[in-house]
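In: Next come a sequence and a model predicted from it.
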Amino acid sequence: MPGVVLDLGPLRSSRSFRVLFASRVVALLGVSLTLVALSVQVYGLTGSSLAVGTVNAVAGTTLVAGTLLGGVLADRLERRALLLIARGA
């Protein structure tokens, strides 16, 4: 869209934000590549597009549900304890 400009100020001014942003990009890339690899593997094993669709529907549902649940828990619980529990699990 013409006239839309991204504000890159936080990336320029804050090293901590740059590190956080880069780690989120790497994490998102990892999740995306995992989902693609899973789809390729399921299709290779079964040859069924229905199986691939089912696996992707389940994976997408769990990602959305986990994100929503994680957000609620992060708002209600102490974040340090939540991180320790999540990493421990």
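Out: That came through, no problem.

In: Select the longest helix from the chain.
Out: If you go by DSSP state H, the chain has its longest helix at helix 15-46.

In: Please state the offset of that helix from the chain centre?
Out: Put simply, helix 15-46 sits 7 Å off its chain's centre (C-alpha atoms, centre = their mean, to the nearest Å).

In: Mind giving me the packing neighbours of that helix?
Out: Counting contacts by 3 or more C-beta pairs under 8 Å, 6 or more residues apart in numbering; DSSP states H and E, helix 15-46 packs against helix 9-13, helix 49-76. (Each C-beta comes from the backbone N, C-alpha and C, glycine too.)

In: With distance to residue 35, mean neighbour count and mean pLDDT added, can I get those in a markdown table?
Out: Shown next, in a markdown table, are the helices and strands packed on helix 15-46 (distance: least, C-beta to C-beta, whole Å; neighbours: other C-beta atoms under 10 Å; pLDDT from 0 to 100):
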| stretch | distance to residue 35 | mean neighbour count | mean pLDDT |
| --- | --- | --- | --- |
| helix 9-13 | 27 | 11 | 91 |
| helix 49-76 | 6 | 11 | 93 |
